[in-house]
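Asks: turn this into a structure:
(chains A and B)
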Amino acid sequence: MVIKKIVGPSERLYLSALKGFFEEVAQLTLFTLRFFKQALQPPYEFNELLKQSYLIGYKSLPLIAITGCIMGLVLTIQSRPTLAEFGAESWLPAMVAVSIIREIGPVITALIFAGKVGSGIGAELASMKVSEQIDAMEVSGINPFKYIVVTRVVSATFMLPVLVVMADAIALYGAYIGVNLKGEVSFHLFFLQVFEKLTFTDVFPAIIKTFFFGFAIALISCYKGYNSNKGTEGVGVAANSAVVYGSLAVFILDMAAVQISSLFS
Amino acid sequence: MKKTTGHKVRLGIFISLGFALFIAGIYFIGQKQQLFGNTFHVNGIFKDISGLQVGNNVRFSGINVGIVESIQQISDSTVKIDMLIDERSRKFMKKNSKAIIGSDGLMGNKIVLIVPATIGKKALVDNDTIETFRAVSMDDILIKVKVTSDNAATITADLSAIIGSIREGKGTIGKLFMDSTFAQTLDQTLVNIKQGAGGFKQNMNAASHNVLLRGFFKKKINPKEKR
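Replies: Residues are numbered from 1 along each chain as shown, chains lettered A, B, ... in the order given. Below you'll find the model as predicted:
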């Protein structure tokens, strides 16, 4: 009985963890509802929205571009030996294109985005909370939720798809370089082979799901930052949990998106 | 202020570029699926479409000229395929062109191949139905291979029985190969025949010198000499 108490966690611990989880789910749901309520109500913070779009979208482009290029290049180099075994090297551009456009491009870009933008939003909002800037905004008559959360979530929702399109294009260029490392394929032929096998059912679900990825990453990051506590320690915790839960949300949403798109294809 | 304007311009370029890339991608995929060019419809009725799907390519003289737009089962043994063909290929497609379902390589997708017809016929018009024929499918080949292998099995079984009989010394060939007495008798018979033939030759020589039969032999030789 004594050993059991030392080794195994008590029932109370399980219950409190479960209770904490449900509390978190409820708070996140309320936070989401508050977002929609605030987002639809005027006045709209257009200038802040453009500023955040610039910071979230444009400023993330170099990182996304480098990742995309490496992604295309590596995928091509790794896929070549397997296809060469079957004498199907000519299928390399089409296979890499379908992989990048359907799955790898959106997911990898969203994960990089969660790492860069999610942690930034989490840390920024947490430090604002800790230094009581959010309270100061309220006192000065500015709606902090609308100004801070809505603008960031809307920007991330619309910027991630743009980044994914660019990452896909750059990854395909990386794949072109990869194909030409051990062969000789003209850009025109590569381009034709890429579009030979692509269909609308590859492109549209992949782009639509990135809106949800962007929304989830920004919303979770804002939630973690906006509700942080424990002083300066809370800033690190908020940044960390924003990345962790944001990335997890990307995978869960991706799984759901694949199931839904397979129902319609 | 200047900084904000610069940011806005950069953001505008960034979004426009992303949007342009997306639209370009959509355009190229749509162009491949004949969404933006002038097209016309052609139908074909097949007994078996061998797994053809909507969106598969239609080829004419080895060029992709269209796609399969719809597949419709019209009876228990016939399937109607509606094809969307590029208008530019219409002048080369004659009324008596034939459609066949083929495959894009050994492992590739199914495609509809339109075989060019004789020159002089009129070009196809919108919603024309073209003649179809069935290609030799892998199943047909496998059925023939099965019949051939069944026949081969029967032949080898018979051959095995024959060889078994020979080995047991049954039948003439079996006795010839396996029965040593028969072989000795046959050998002796051949010796006897040889001796008999030698004796017969001597008798005939003697007969040709006989007084009574000399005239007969001379008559027999003379016609040959006269010629």
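Asks: hey, let's count contacts and neighbours off CA atoms from now on
Replies: Fine.
Asks: residue numbers of the stretch 101-250 of chain A in contact with chain B?
Replies: Applying CA under 8 Å from any CA of the partner chain, we find that the stretch 101-250 of chain A lies next to chain B at A:V162, A:L163, A:V165, A:M166, A:A169, A:F195, A:E196, A:L198, A:T199, A:F200.
Asks: restricted to helices, list these.
Replies: The helices, defined by DSSP state H, take in A:V162, A:L163, A:V165, A:M166, A:A169, A:F195, A:E196, A:F200 from those.
Asks: from those residues, which is closest to A:V237?
Replies: Set against A:V237, the nearest of these by CA to CA is A:L163 (27.1 Å).
Asks: list the contacts for the closest one?
Replies: Contact partners of A:L163, counting by CA atoms under 8 Å, 6 or more residues apart in numbering or on different chains, are A:G57, A:L61, A:I64, A:T109, B:G18.
Asks: tell me which of the residues of the stretch 101-250 of chain A next to chain B has the lowest pLDDT.
Replies: Confidence by pLDDT is poorest for A:E196 among these, given 81.
Asks: what is the burial count for that residue?
Replies: By other CA atoms under 10 Å in any protein chain shown, the residues close to A:E196 number 16.
Asks: wait, it touches B:K32, no?
Replies: Yes. Contact criterion CA atoms under 8 Å: A:E196 and B:K32 qualify, at 7.2 Å.
Asks: helices or strands next to the helix or strand hosting B:V112 in the packing?
Replies: B:V112 belongs to strand B:110-115 when elements are defined using DSSP states H and E. Using 3 or more CA pairs under 8 Å, 6 or more residues apart in numbering or on different chains; DSSP states H and E as the contact definition, the elements that strand B:110-115 packs against are strand B:57-60, strand B:98-103.
Asks: off-centre distance for the stretch of helix or strand B:A206 belongs to?
Replies: In this structure, B:A206 sits in helix B:180-208 according to DSSP H and E. Taking CA atoms, centre = their mean, to the nearest Å, one finds helix B:180-208 lying 59 Å from the centre of the chain it belongs to.
Asks: also stretch B:88-96?
Replies: Here the centre of stretch B:88-96 is set off from its chain's centre by 28 Å, with CA atoms, centre = their mean.
Asks: can you list the buried residues in the longest helix seen in chain A?
Replies: Selection of the longest helix in chain A by residue count, based on DSSP H, yields helix A:232-264. If you call a residue buried by 16 or more other CA atoms under 10 Å in any protein chain shown, then helix A:232-264 has these buried ones: A:234-251, A:253-254, A:257.
Asks: same check on stretch A:188-203?
Replies: Buried, per 16+ other CA under 10 Å, within stretch A:188-203: A:F190, A:F191, A:Q193, A:V194, A:F195, A:E196, A:K197, A:L198, A:T199, A:D202, A:V203.
Asks: what sits closest to the residue nearest the centre of chain A if chain neighbours are left out?
Replies: Per CA atoms, centre = their mean, the C-alpha nearest to the average position across chain A is that of A:A110, at 3.0 Å. Distance criterion CA to CA, 6 or more residues apart in numbering or on different chains; nearest residue to A:A110, sequence neighbours excluded, is A:F213 at 6.5 Å.
Asks: pull the contacting residues for that neighbour.
Replies: Contact partners of A:F213, counting by CA under 8 Å, 6+ apart, are A:A110, A:T157, A:L160, A:A249, A:V250, A:L253.
Asks: okay, those residues in JSON lines with pLDDT next?
Replies: Output for those, formatted as JSON lines (pLDDT from 0 to 100):
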{"residue": "A:A110", "pLDDT": "94"}
{"residue": "A:T157", "pLDDT": "94"}
{"residue": "A:L160", "pLDDT": "93"}
{"residue": "A:A249", "pLDDT": "93"}
{"residue": "A:V250", "pLDDT": "93"}
{"residue": "A:L253", "pLDDT": "93"}
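Asks: run a quick neighbour tally on B:K194.
Replies: By the measure other CA under 10 Å, the count of residues near B:K194 is 12.
Asks: ok, it to chain A distance?
Replies: Separation of B:K194 from chain A (CA to the nearest CA, to the nearest Å) stands at 70 Å.
Asks: which parts of the stretch 1-150 of chain A are helices?
Replies: Counting by DSSP state H, counting those that start in this stretch, the stretch 1-150 of chain A forms helices over residues A:2-7, A:11-40, A:46-56, A:61-85, A:92-99, A:105-113, A:119-130, A:133-139, A:144, given from the N-terminal end onward.
Asks: cool, chain B as well?
Replies: B:2-32, B:138-167, B:171-178, B:180-208, B:211-226.
Asks: with distance to A:A218 and mean pLDDT added, can I get those helices in TSV?
Replies: Formatted as TSV, those follow (distance: least, CA to CA, whole Å; pLDDT from 0 to 100):
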stretch	distance to A:A218	mean pLDDT
helix B:2-32	19	83
helix B:138-167	54	90
helix B:171-178	93	78
helix B:180-208	101	87
helix B:211-226	122	72
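Asks: can you put those helices in TSV and add distance to B:N43?
Replies: Listed next are the helices of chain B as TSV, based on distance: least, CA to CA, whole Å:
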stretch	distance to B:N43
helix B:2-32	20
helix B:138-167	25
helix B:171-178	65
helix B:180-208	76
helix B:211-226	83
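Asks: mind checking which of the ones you listed is nearest A:F31?
Replies: Evaluated with CA to CA, these place helix B:2-32 nearest to A:F31, the distance being 28.6 Å.
Asks: any idea how far A:S241 is from the residue nearest the centre of chain B?
Replies: For chain B, the residue sitting closest to the mean C-alpha position, by CA atoms, centre = their mean, is B:V136 at 6.8 Å. Summarising the geometry, the distance separating B:V136 from A:S241, computed by CA to CA, to the nearest Å, is 62 Å.
Asks: can I get stretch B:176-194 in PDB, CA atoms only?
Replies: Output for stretch B:176-194, consisting of C-alpha atoms alone and laid out as PDB, is shown next (Å, rounded to 0.1, in the frame of the first residue of the first chain):
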ATOM      1  CA  LEU B 176      12.600 -52.200 -79.400                       C
ATOM      2  CA  PHE B 177      14.300 -50.200 -76.600                       C
ATOM      3  CA  MET B 178      13.900 -52.400 -73.500                       C
ATOM      4  CA  ASP B 179      13.500 -56.100 -74.700                       C
ATOM      5  CA  SER B 180      17.000 -57.600 -75.300                       C
ATOM      6  CA  THR B 181      15.500 -60.800 -76.800                       C
ATOM      7  CA  PHE B 182      13.500 -58.800 -79.300                       C
ATOM      8  CA  ALA B 183      16.700 -56.900 -80.200                       C
ATOM      9  CA  GLN B 184      18.700 -60.100 -80.700                       C
ATOM     10  CA  THR B 185      15.800 -61.600 -82.800                       C
ATOM     11  CA  LEU B 186      15.700 -58.400 -84.900                       C
ATOM     12  CA  ASP B 187      19.500 -58.600 -85.300                       C
ATOM     13  CA  GLN B 188      19.300 -62.200 -86.400                       C
ATOM     14  CA  THR B 189      16.400 -61.400 -88.700                       C
ATOM     15  CA  LEU B 190      18.500 -58.700 -90.300                       C
ATOM     16  CA  VAL B 191      21.400 -61.100 -90.700                       C
ATOM     17  CA  ASN B 192      19.000 -63.700 -92.300                       C
ATOM     18  CA  ILE B 193      17.600 -61.000 -94.700                       C
ATOM     19  CA  LYS B 194      21.200 -60.100 -95.700                       C
END
